[in-house]
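>>> please find the sequence and the predicted model below.
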Amino acid sequence: MSLSFRVVNELVEAEKIWRALCPQETIFDSWDYRMSFNTYQKNPIHFIVGENSGKIIGAWPLQLSKDGKALEFFGGDYMEDNRLLLSPETQTEVTEEFYAHLKTLNQPVYLQYIKNTDPVSSALPLKDYKYTLPLTGYKTYEDYFADKYADHGETRRTLGKKIRRFEQEPLSIVKNNLADLELLFEFTNKMFGDNSSFICRPFHKEIYRSHVNLPNFQTELLTFYHGDKVIAVSLAFLYQGSYAYVNTGIDPDSVLKGFS
């Protein structure tokens, strides 16, 4: 199959292509999630669409980088589970044609955190690991420890001691007090200073605030108290049957320092 390629710069058409081709597996597959970054960062859309006889076979969902010189995945460098979007019946040789097309472009292409979904992507150099935890078969954290550390008795006992110590503390959790998202920002900034993503990334607070109102997302904002003092705030989302952890801010001056 020989493909013809064109570029889509218009958001409405890009959204239709994304929703038609992208399987909804993780939060990074959500158009609304990625668009929340583009709303503030305003990187120009640059979807490279491959067609055969006028039928869309697939697309590279890209945008111009902040400096306007390179192409990157739609949503920017915060995104994970990036992928070449393909129609379900696409064959391997067509996938290779999409990758080969990138080499013909007259500008740099910087693509990272690509999901291993085809022979070409599986052969790319490893950048980082992604951690997932299938929960089938586990009813309690003790079940998980017994299975995960079946041959590591000392590790299992150490974890058990830490948990029992926590259970002796006056700890409590409040769920979805959305105003506490501001404490997550505050604690993260205290921990990391100028390296905090909420300082060094433009509009990062605004983007995070917008996420609690995304359609099809169930917010899991947990505020952790030690007595009457907030010591940590954790943000996650339930999306498509999966729990997606996002970020945690921990008060660096809190009692948690003694539990490392």
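All right, it came through fine. Residues are numbered from 1 along each chain as shown.
>>> from here on, just use CA atoms for contacts and neighbour counts.
Will do.
>>> what does residue 224 show for phi and psi?
For residue 224, the backbone dihedrals (degrees, to the nearest 10) come out as phi -100, psi 130.
>>> which residues touch it?
For residue 224, the contacting residues are 171-174, 230-233, by C-alpha atoms under 8 Å, 6 or more residues apart in numbering.
>>> buried members of those into PyMOL, please.
PyMOL command restricting these to the buried ones, with burial defined by 16 or more other C-alpha atoms under 10 Å:
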select buried, resi 230+231+232+233
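>>> secondary structure and distance to residue 10 added to the contacts of residue 224, as JSON lines?
Formatted as JSON lines, the contacts of residue 224 follow (DSSP: H, G, I helix; E, B strand; the rest coil; distance: C-alpha to C-alpha, whole Å):
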{"residue": "171", "secondary structure": "strand", "distance to residue 10": "50"}
{"residue": "172", "secondary structure": "strand", "distance to residue 10": "48"}
{"residue": "173", "secondary structure": "strand", "distance to residue 10": "44"}
{"residue": "174", "secondary structure": "strand", "distance to residue 10": "42"}
{"residue": "230", "secondary structure": "strand", "distance to residue 10": "45"}
{"residue": "231", "secondary structure": "strand", "distance to residue 10": "45"}
{"residue": "232", "secondary structure": "strand", "distance to residue 10": "41"}
{"residue": "233", "secondary structure": "strand", "distance to residue 10": "38"}
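>>> hmm, which of the contacts of residue 224 is lowest in pLDDT?
Within the set of those, pLDDT is lowest for residue 171 (89).
>>> for the helix or strand where residue 38 lies, packing partners?
Assigned by DSSP states H and E, residue 38 belongs to helix 31-41. Secondary-structure packing of helix 31-41 (3 or more C-alpha pairs under 8 Å, 6 or more residues apart in numbering; DSSP states H and E): helix 11-21, helix 204-211.
>>> which parts of that helix are buried?
31-38, 41.
>>> one more: stretch 181-198?
Buried, per 16+ other C-alpha under 10 Å, within stretch 181-198: 181, 183-191, 196-198.
>>> now, which of those lie within helices?
Counting by DSSP state H, the part of those found in helices is 181, 183-191, 197-198.
>>> with only the CA atoms kept, save the helix holding residue 38 in CSV.
Provided in CSV are the C-alpha atoms of helix 31-41 (Å, rounded to 0.1, in the frame of the first residue of the first chain):
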residue,chain,number,x,y,z
TRP,A,31,-8.5,14.3,23.7
ASP,A,32,-9.9,16.5,26.5
TYR,A,33,-6.9,15.8,28.7
ARG,A,34,-4.4,16.6,26.0
MET,A,35,-6.4,19.6,24.8
SER,A,36,-6.3,21.0,28.4
PHE,A,37,-2.6,21.5,27.9
ASN,A,38,-3.0,23.0,24.4
THR,A,39,-5.6,25.4,25.6
TYR,A,40,-3.0,27.2,27.7
GLN,A,41,0.2,26.5,25.8
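>>> state the next helix or strand along the chain beyond that helix.
Per DSSP H and E, the first helix or strand lying C-terminal to helix 31-41 is strand 47-52.
>>> next structured bit after that following strand?
Using DSSP H and E, the helix or strand that follows strand 47-52 in sequence is strand 55-60.
>>> helices and strands around whatever helix or strand comes next after that following strand, which ones?
Note on strand 55-60: by DSSP H and E, the next helix or strand toward the C-terminus is strand 62-64. Applying 3+ C-alpha pairs under 8 Å, 6+ apart, we find strand 62-64 packed against strand 47-52, strand 71-73.
>>> so where's this protein uncertain?
By pLDDT under 70, the weakly predicted segments of the chain are 1, 91, 255-260.
>>> buried ones in the helix ranked longest in it?
For the chain, the longest helix by residue count, based on DSSP H, is helix 153-167. Using 16+ other C-alpha under 10 Å as the test for burial, helix 153-167 gives residue 156.
>>> remind me what that helix packs against, helices and strands.
So helix 153-167, by 3+ C-alpha pairs under 8 Å, 6+ apart, packs with no helix or strand.
>>> having no further points to raise, I will conclude here.
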